[in-house]
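[1] Have a look at this fold, sequence not included:
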Ligand SMILES: Nc1ncnc2c1ncn2[C@@H]1O[C@H](COP(=O)(O)OP(=O)(O)O)[C@@H](O)[C@H]1O
Ligand SMILES: O=C(O)C1=C[C@@H](OP(=O)(O)O)[C@@H](O)[C@H](O)C1
Ligand SMILES: [Mg+2]
């Protein structure tokens with residue numbers, strides 16, 4: 001979800017793995033020379049989602065790369081074929097915590113709403129079953145730092161790799 005820490009934790013994880021790091025939102029902003037807010041305002045969410053899929057389709061093929069996506073990447077079924085090139089991590093953070101992190105942040109167009117916490121709740125309700133399709137489900141404690149959460153992800157990765165012989169993560 002927005003505010004879960006994908007961008008922050010993803011960078012730490014990449015550094016610890018010795019991987020490169022890409023944030024799909026940052027790539028979209030570079031490509032379009034517009035902020036995410038501007039894209040939503042000028043062209044709408046549907047156009048943003050099209051660009052997001054195109055960017056994901058390009059970055060997913062790289063090895064030794066940690067990718068932070070936007071929280072809405074799960075919405076398009078097509079995106080899952082790209083996500084599954086890698087190991088998908090769900091950072092599951094309670095809505096109250098997401099809200100406290102994003103309350104002063106105006107860079108999330110979907111939260112420019114009279115009831116931002118209600119909006120976060122409804123987005124999570126709509127998306128929870130999609131996030132649950134991730135390979136790893138991480139539920140940090142409220143006080144965990146981004147470093148601690150990255151460590152939890154690293155620690156949990158072997159459990160996925162061992163999940164089946166001949167698994168598809170041989171090249172991760
Ligand atoms: N574990 C954490 N504890 C406290 N604040 C955090 C934590 N992880 C991220 N944040 C803060 O929450 C906000 C959203 O983080 P971000 O990485 O942009 O999330 P996302 O990319 O999932 O939307 C940022 O201000 C970030 O500094
Ligand atoms: O959840 C979403 O639909 C979105 C999440 C944002 O990214 P973060 O999850 O990094 O905040 C960004 O892609 C856009 O504002 C839409
Ligand atoms: Mg982000």
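    Great, that's in hand. Nothing here was measured: the structure is a model prediction, and the numbers come from that model. Ligands and ions are numbered 1, 2, ... in the order given.
[2] can you count the residues close to residue 46?
    Residue crowding around residue 46 was assessed by other Cβ atoms under 10 Å; the count is 7. Backbone N, C-alpha and C define where each C-beta goes, glycine included.
[3] For it, which three-state class applies?
    Here residue 46 is recorded as helix under DSSP: H, G, I helix; E, B strand; the rest coil.
[4] The protein: strands as residue ranges?
    Secondary structure of the chain by DSSP state E: the strands cover 20-23, 65-68, 89-91, 136-138.
[5] Run through this structure and note the low-pLDDT ranges.
    By pLDDT under 70, the weakly predicted segments of the chain are 163-172.
[6] Centroid-nearest residue for it?
    With distances taken as Cα atoms, centre = their mean, the chain has residue 69 as the residue nearest its mean C-alpha position (3.7 Å).
[7] Can you say which of the strands of the chain is nearest to ligand 1?
    strand 65-68 (5.7 Å; Cβ to the nearest ligand atom).
[8] Am I right that residue 135 is in contact with residue 80?
    No. Counting by Cβ atoms under 8 Å, residue 135 stays clear of residue 80, with 11.6 Å between them.
[9] ok, the two, which is more surrounded?
    Neighbours were counted for residue 135 and for residue 80 using other Cβ under 10 Å; residue 135 has more, 20 against 13.
[10] neighbours of residue 123, just the number please.
    19.
[11] ok, the residue of the chain found nearest ligand 2 - contacts?
    The minimum distance from the chain to ligand 2, using Cβ to the nearest ligand atom, falls at residue 70 (2.2 Å). By Cβ atoms under 8 Å, 6 or more residues apart in numbering, the residues touching residue 70 are 2, 24-25, 36, 52.
[12] Now do the buried residues in stretch 31-49.
    For stretch 31-49, the neighbour count (16 or more other Cβ atoms under 10 Å) marks 32, 34, 36, 39-40, 48-49 as buried.
[13] for ligand 2, what are the nearby residues on this protein?
    Contact residues (Cβ under 6 Å from any ligand atom) of the chain with ligand 2: 2, 6-7, 25, 36, 70-72, 108-110.
[14] Pull the most distant pair out of these.
    Longest distance between any two of the residues of the chain next to ligand 2 is 16.8 Å, between 6 and 109; criterion Cβ to Cβ.
[15] These two - which one has more neighbours?
    Shown here are residue 6 and residue 109; by other Cβ under 10 Å, residue 6 has more neighbours (24 against 16).
[16] Leaving aside the residues adjacent along the chain, what's closest to the more buried one?
    residue 68 (4.1 Å; Cβ to Cβ, 6 or more residues apart in numbering).
[17] next one: residue 120
    In this structure, residue 120 finds its nearest non-sequential neighbour in residue 95, 4.9 Å apart by Cβ to Cβ, 6+ apart.
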